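A.B. asks: Model the structure of this input:
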Amino acid sequence: MSGAIVLDSYALLALLRDEAGGEMVARILERAGQRDQPVQMTEVNYAEVQYVVRRKDGEAAWASVARELGAVPIEFHPVDRRLAEAAADFKTRFRLSLADACAAALAKERRAELVTGDPEFKALEEELKIRWLT
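C.D. replies: This next block holds a predicted model:
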């Protein structure tokens, strides 16, 4: 799947919370929409984004974000057994959070570029193609 992109939670949160790298994520999503090629994200990363927004900004903020996400070109993937096995491998070898391990597993499975600013992924630069948010 050449040209495929996977977002981790960090990337989507950077956009939603207007943090460093958020503009880059906005451009990636804009291009994805123009090309009708949605970016990829796991449901586990979606859950992490929901948790952070609800905890830091409240239920009303999450309700607004959830509505907005319906119009954003992101394809959300459940974690099936195969993806769970790959995530467990990443988590074991690199001591990642579960959500990060799921994002890494999806990027590997899809042969996609992982977009993140999370320094936890530094250890995976030999394993995955990573686009760092700056």
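A.B. asks: residues of stretch 28-47 that come out buried?
C.D. replies: Buried positions in stretch 28-47, judged by neighbour count with 16 or more other Cβ atoms under 10 Å: 28-29, 32, 38-42, 44-46. C-beta here means a position set from N, CA and C on the backbone, and glycine is covered the same way.
A.B. asks: Check what contacts it and list those residues.
C.D. replies: 3-9, 12, 15, 72-79, 83, 98-99, 102-103, 105-107, 110, 112, 115 (Cβ atoms under 8 Å, 6 or more residues apart in numbering).
A.B. asks: Ala60 versus Leu12, what's the distance?
C.D. replies: 19 Å (Cβ to Cβ, to the nearest Å).
A.B. asks: can I have the strand or helix carrying Val25 written out in CSV, keeping just the CAs?
C.D. replies: Using DSSP states H and E, Val25 maps to helix 22-35. What follows is helix 22-35, C-alpha atoms only, in CSV (Å, rounded to 0.1, in the frame of the first residue of the first chain):
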residue,chain,number,x,y,z
GLY,A,22,-1.1,20.1,14.1
GLU,A,23,-0.8,22.1,10.9
MET,A,24,1.2,19.3,9.3
VAL,A,25,-1.6,16.8,10.2
ALA,A,26,-4.2,19.2,8.8
ARG,A,27,-2.3,19.3,5.4
ILE,A,28,-2.0,15.5,5.4
LEU,A,29,-5.7,15.2,6.0
GLU,A,30,-6.5,17.8,3.3
ARG,A,31,-4.4,15.9,0.8
ALA,A,32,-6.0,12.7,1.8
GLY,A,33,-9.5,14.2,1.2
GLN,A,34,-8.5,15.6,-2.2
ARG,A,35,-7.1,12.2,-3.3
